[in-house]
Structure formats: C-alpha cells, structure tokens
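S.K.: sequence unavailable; structure follows:
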C-alpha cells in the first residue's frame, strides 16, 4: 500500500470518528432536552462550536470532550458508542 493510500485511509478513519462523536453528542443533547446554545453555555464553549462538532466538522480536544461530558452528565465513553 502506498503512502498516499495510507494517508487517505487515515483521513477517512478520522472523519468517521468525528461524525460518530458528533452524532452521539447530538443524541445526548436532545435526550437531555438542551439546545445547542444552552449546551455550549453549560460547557463554557462558544455557541457556534457545538453545531460544527455535531456535524462532524471539528476535531475536539480531550479538554472539550471532558467539558461536554460534564455538561451532559455522561461518561466520555457515551460519545463513542455505535
């Protein structure tokens, strides 16, 4: 397998992880009855950040994952469930 092919596979895996994270974030937020803006406020994030995470457009740091976890009162593993 070429270096380019390996790079493409890596990029696809990263995109899938971001989309899974975003999908689970949205599901958990809705289950808690929160708007994107109210979640952002609870997690001390910019209000425009949550929508882009939910769409799988952003890579988030572990610090942001922890903030979201605390704001939603869920274990971090909940963001990565299938």
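M.R.: Yes, it's here. In this text, all values refer to a predicted model and were calculated from it rather than measured experimentally.
S.K.: is residue 59 in a helix, a strand, or coil?
M.R.: Secondary structure for residue 59, judged by DSSP: H, G, I helix; E, B strand; the rest coil, is coil.
S.K.: so who does it touch?
M.R.: 14, 18 (C-beta atoms under 8 Å, 6 or more residues apart in numbering). The way it works is simple: take the backbone N, C-alpha and C, and place the C-beta from them, glycine included.
S.K.: kindly recompute the last result at 6 Å.
M.R.: Contacts for residue 59 (C-beta atoms under 6 Å, 6 or more residues apart in numbering) come out as none.
S.K.: got the buried residues for stretch 19-32?
M.R.: Of the residues in stretch 19-32, 21-26, 28-29 count as buried by neighbour count, 16 or more other C-beta atoms under 10 Å.
S.K.: so where do the strands sit in this protein?
M.R.: All residues of the chain lie outside strands when identified by DSSP state E.
S.K.: tell me where it has helices.
M.R.: For the chain, the helices defined by DSSP state H occupy 3-31, 36-42, 49-54, 62-72.
S.K.: nearest to residue 81, of the ones you listed?
M.R.: helix 3-31 (6.1 Å; C-beta to C-beta).
S.K.: chain center to that closest one: distance?
M.R.: 9 Å (C-alpha atoms, centre = their mean, to the nearest Å).
S.K.: what helices and strands are in contact with it?
M.R.: Other helices and strands packing on helix 3-31, by 3 or more C-beta pairs under 6 Å, 6 or more residues apart in numbering; DSSP states H and E, are helix 49-54.
S.K.: please name every helix or strand in contact with the helix it packs on.
M.R.: helix 3-31, helix 36-42.
S.K.: show residues contacting the shortest one.
M.R.: Helix 36-42 is touched from outside by 29, 47, 50-51, 71, with contacts defined as C-beta under 6 Å, 6+ apart.
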